[in-house]
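Engineer: mind folding the following:
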Amino acid sequence: MLDDLGWLDTATSLAGSLRVVVLYDAPAGDSPELLDVLVQRDAITQSLKSLGHQAIHLSATLDLNGLRQTLIQLQPDVVFNLVESLGGSDRLMAVIPLLLESMGLRFTGCGSEAIVNTNDKLAAKRRLLSAGLPTARAYFLDHESLHELGTGRGHVDSIIVKAIGEHASLGLDDTAVRQVSDVDGIALAIQQQQQRLGKACFAESFIHGREWNVSLLAGQTLPIAEIQFEHWPDDKPRIVGFDAKWNEASEAFHHTPRTFGLGLEDQPLISKVATMSTRCWEVFALRGAARVDWRVDREGRPWILEVNANPCLSPDAGFIAACQQAGLDYDHMVQRLLADAHGHAV
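Structural biologist: Below you'll find the predicted structure:
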């Protein structure tokens, strides 16, 4: 855990004003999860200006040659990469860091390999399992045949079905959690969710328990957050679904507060989870900002749900809350990401 901020002092001392292109994907609609990138863009721009840097907005599209030519003309010192989707597809997110790498440009956040290996949730699970890190058993369909990934937690009686390559909790609502009695029930649940979303999906064993988020800034773990499920009906799955994240009119949004300050009884587990989160940073070659989402089961065992190589940087996001808990304001976080990008010549 981050308990000494001295490592930030020298790392954030960038000489002079930087010319920073704030690169983002133009929203493909007006729903909150799509418009959030504009909130991030404006917050980052304001911070860059307050730090004395020059900020230039640039929208990324599938016209990669046009984007390349514009970047050549702008000649940025650093690209602040906020691209979460391209052409309406989250699975194309890695195209932008790949383009920036090919041009030899410094940019904030993770490289293309890390984005590819984390954005595909099944690929991420395979990598976690290879590294000996705990993650729930998964099931996926290949030519209508059901396959199993990992050894997991023994007999599975409930599952949660997720999109393989999409983020922002797409399709995650109460119907995503299913009671199952056999492999046919798992296969049917995956097929139904795929038809509903129009996206490739997989299932994993649903872990009843607590939900923790571990944010990392330049490889250092920040204070761990726990999501509380307040006044939660007994028959409602305890998940941080789409409504909890994006629908301000929903009860889930208002009854899943983020809290810090885990108790003394959690200290051994905190140390273990922090160490394994740092291991995720190494295994996936993460950079800049990242978040590892955990589930702690009823027996106190931690399981990795997801490694997020592109966490939201909106002022009200969980990553920023973790920075604040560590004593870092928004400007300090932005400067740290710039310094991290400057330290990685492509």
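Engineer: low-confidence stretches in the stretch 151-300 of the chain?
Structural biologist: 151-155, 168 (pLDDT under 70).
Engineer: ok, Ala308 - contacts?
Structural biologist: Not Ala; residue 308 is Asn. Asn308 makes contact with 118, 167, 290-293, according to C-beta atoms under 8 Å, 6 or more residues apart in numbering. Just so you know, the C-beta spots here come from the backbone N, C-alpha and C atoms, and that holds for glycine as well.
Engineer: could you rerun that using 6 Å?
Structural biologist: Applying C-beta atoms under 6 Å, 6 or more residues apart in numbering, one finds that Asn308 lies in contact with Arg291.
Engineer: check the one 10 residues further on too.
Structural biologist: When contacts are counted by C-beta under 6 Å, 6+ apart, Gly318 is found next to 213, 225, 258.
Engineer: next one: Leu172
Structural biologist: Contacts of Leu172 by C-beta under 6 Å, 6+ apart are 241-242.
Engineer: closest to Trp281 out of the contacts of Gly318?
Structural biologist: Nearest to Trp281 among these: Asn213, at 14.5 Å, using C-beta to C-beta.
Engineer: can you tell me how far that closest one sits from Ala309?
Structural biologist: 14 Å (C-beta to C-beta, to the nearest Å).
Engineer: who has more neighbours out of the two?
Structural biologist: Ala309 (29 against 24; other C-beta atoms under 10 Å).
Engineer: so the more buried one sits against Thr118, correct?
Structural biologist: Yes - the criterion here is C-beta atoms under 6 Å, and Ala309 meets it with Thr118 at 4.3 Å.
Engineer: how far off centre is the biggest helix by length in the chain?
Structural biologist: The helix that spans the most residues within the chain, counting by DSSP state H, is helix 32-50. Its chain's C-alpha centre and that of helix 32-50 lie 17 Å apart, by C-alpha atoms, centre = their mean, to the nearest Å.
Engineer: need the three-state assignment for the closest residue to Ala43 other than its chain neighbours.
Structural biologist: Closest residue to Ala43 in three dimensions, ignoring its sequence neighbours and counting by C-beta to C-beta, 6 or more residues apart in numbering: Pro315, at 5.3 Å. Per DSSP: H, G, I helix; E, B strand; the rest coil, the local secondary structure of Pro315 is coil.
Engineer: who are the packing partners of the helix or strand hosting Ala341?
Structural biologist: Using DSSP states H and E, Ala341 maps to helix 330-342. With contacts defined as 3 or more C-beta pairs under 6 Å, 6 or more residues apart in numbering; DSSP states H and E, the packing partners of helix 330-342 are helix 32-50.
Engineer: what comes into contact with the helix it packs on?
Structural biologist: Residues contacting helix 32-50 (C-beta under 6 Å, 6+ apart): 20, 22, 24, 27, 55, 80, 82, 84, 168, 246, 313-315, 330-331, 334.
Engineer: buried among those residues? Make that a PyMOL selection.
Structural biologist: To isolate the buried ones among those in PyMOL, judged by 16 or more other C-beta atoms under 10 Å, type:
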select buried, resi 20+22+24+27+55+80+82+84+168+246+313+314+330+334
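Engineer: out of the contacts of helix 32-50, what pair is the most spread apart?
Structural biologist: Among the contacts of helix 32-50, Val20 and Trp246 lie farthest apart (C-beta to C-beta), at 28.1 Å.
Engineer: mind checking how far the most centrally placed residue in the chain is from Gly300?
Structural biologist: In the chain, the centroid-proximal residue (C-alpha atoms, centre = their mean) is Asn308; its distance is 2.6 Å. When distance is defined by C-beta to C-beta, Asn308 is 24 Å away from Gly300.
Engineer: and if you look at Leu128?
Structural biologist: 20 Å.
Engineer: next, count neighbours for Leu35.
Structural biologist: 12.
Engineer: and for the one 5 residues further on?
Structural biologist: With neighbours defined by other C-beta under 10 Å, the count for Gln40 comes to 19.
Engineer: may I have the beta-bridge partners of the residue nearest to Val183 when sequence neighbours are not counted?
Structural biologist: Sequence neighbours aside, Leu146 is the residue nearest to Val183 in space, at 5.4 Å (criterion: C-beta to C-beta, 6+ apart). Bridge pairing for Leu146 (DSSP bridges) gives the partners Leu141.
Engineer: let me know how buried Leu146 is, in neighbour terms.
Structural biologist: Count around Leu146 with other C-beta under 10 Å applied: 15.
Engineer: so who does it touch?
Structural biologist: When contacts are taken as C-beta under 6 Å, 6+ apart, Leu146 is in contact with 139, 183, 187.
Engineer: thinking the first one is in contact with Cys201, fair?
Structural biologist: What it means is Tyr139. No - counting by C-beta under 6 Å, Cys201 is not a contact partner of Tyr139; they are 10.1 Å apart.
Engineer: would you mind giving the domain segments of the protein?
Structural biologist: Following automatic domain parsing, the chain resolves into domains at 6-112+329-342, 137-206.
Engineer: please state the offset of the first one from the chain centre?
Structural biologist: Looking back up the chat, that one is domain 6-112+329-342. Relative to its chain's centre, domain 6-112+329-342 lies at 16 Å (C-alpha atoms, centre = their mean).
Engineer: what about Met276, how many neighbours?
Structural biologist: 20.
Engineer: then Leu269?
Structural biologist: For Leu269, using other C-beta under 10 Å, the count is 18.
Engineer: thinking again about what came up before, just the contacts of helix 32-50: which has the poorest pLDDT?
Structural biologist: Ranked by pLDDT, those bottom out at Ala168, which scores 57.
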